[in-house]
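>>> Got a sequence here, can you build the structure:
(4 chains)
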Number of protein chains: 2
Amino acid sequence: MVEKPHEAAIGAWIALARAQRVATNHVEARLKEAGLPPLAWYDALWELDKAGEAGLRPFELETALLFAQYNLSRLADRMQRAGLIERRACPQDRRGQILHISEEGRALRWRMWAVYAQALEEAVGSRLTVEEAETLSTLLKKLT
Amino acid sequence: MVEKPHEAAIGAWIALARAQRVATNHVEARLKEAGLPPLAWYDALWELDKAGEAGLRPFELETALLFAQYNLSRLADRMQRAGLIERRACPQDRRGQILHISEEGRALRWRMWAVYAQALEEAVGSRLTVEEAETLSTLLKKLT
DNA sequence: GGAAATTCCATGCATTTGCATCTATATTGG
DNA sequence: CCAATATAGATGCAAATGCATGGAATTTCC
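Numbers count the residues shown, from 1 in each chain, chains lettered A, B, ... in the order given. As a prediction, this is how the structure comes out:
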């Protein structure tokens, strides 16, 4: 059976797409102005920083970032070339590897966060009360 | 002065990014399965269909779709090659042009909508009540 | 134990995007 | 009116993405 969405759902979908694009464009633009890498690099650095000594397998990072496998493989290439992460052999699985953040990676994450946080405040924080932000999160999580 | 976002804002931002990606991935995947072009083509067709006989200047479509100028220029190339739109000279401004949807464009938009609507129902409609969807829209619009 | 299937990650090739810049026309300010 | 400036849109080149497939190691199942 083919179900059509209600009008309100279509409106929410459109608002979702626009809000995400506007906010993301803002943040990406601020990072670029500051001569910093894109958001995806931050996200990867953040996940790897959280993972600490244990590091993360590429496929775990893929899931965390909702990245396609081949894109993560090449993002890791670029970040490795930039000295931000290391690829270590994985003893449990010789097909695999473990990604670790480097000192430079941690340092860059901090520099990015300064800009990112400010941009986030402009794009989101300053536009919503705490309660609104919480309601928004709750509703958005129903979509995942 | 540098302002940091409150925790709730950070949560909302993350939820926003994830929800949008999950929903968009779902819709794009359904379109692809059905052998149809990506969402951006639908959006362009929809704007041009709404504009009717008057058509739209490329820069207007840019704004409506939040597309970069060079990307819109090339999207129009591809859609024109596919016979979905026409580019007509603009009498008021000889630098410019006016984009019009073709019959094939209208037909494709309908075929896409059948798939799109279904996917939207799965990704959004079925997961939110009407009231939730309306609240969500209201909050998201504060971000734009 | 071993063949078949699956998982992990990389990569060649085509398409798309981003950046910078170009041409042509329009607008503005003196 | 004219020179300077701004706007509309295209495009060459580099980088990123998507797609299909590859090789290697692991797991499954008989």
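>>> a strand runs through A:Leu99, doesn't it?
Yes. According to DSSP: H, G, I helix; E, B strand; the rest coil, A:Leu99 belongs to a strand.
>>> got the buried residues for stretch A:80-92?
Residues of stretch A:80-92 classed as buried by neighbour count (16 or more other Cβ atoms under 10 Å in any protein chain shown): A:84-86. From N, CA and C alone the C-beta is placed, and that goes for glycine too.
>>> number of nearby residues for A:Ile101?
25 (other Cβ atoms under 10 Å in any protein chain shown).
>>> tell me the centre residue of chain A?
Closest to where the C-alpha atoms of chain A average out (Cα atoms, centre = their mean) is A:Asp43, at 3.5 Å.
>>> Does it lie in a helix or a strand, and which?
Take DSSP states H and E as the rule and A:Asp43 turns out to sit in helix A:39-51.
>>> residue boundaries of the strands in chain A?
Along chain A, counting by DSSP state E, strands occupy A:85-89, A:97-101.
>>> Among those strands, which comes closest to DNA strand C?
When the strands of chain A are compared by Cβ to the nearest atom of the strand, strand A:97-101 sits nearest DNA strand C, at 5.0 Å.
>>> quick check, the closest one touching DNA strand C?
Yes. Using Cβ under 7 Å from any atom of the strand, strand A:97-101 reaches DNA strand C at A:Gln97.
>>> Work out the gap between that strand and the centre of the chain.
Here strand A:97-101 is found 17 Å from its chain centre; the criterion is Cα atoms, centre = their mean, to the nearest Å.
>>> any residue of it up close to DNA strand D?
No. Residues of strand A:97-101 contacting DNA strand D under Cβ under 7 Å from any atom of the strand: none, with a closest distance of 11.2 Å.
>>> now for that strand, which elements pack on it?
In terms of contacts (3 or more Cβ pairs under 8 Å, 6 or more residues apart in numbering or on different chains; DSSP states H and E), strand A:97-101 is packed against helix A:39-51, helix A:58-65, strand A:85-89.
>>> With distance to DNA strand D added, can I get the ones you listed in CSV?
Compiled in CSV, these are given as follows (distance: least, Cβ to the nearest atom of the strand, whole Å):
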stretch, distance to DNA strand D
helix A:39-51, 6
helix A:58-65, 11
strand A:85-89, 10
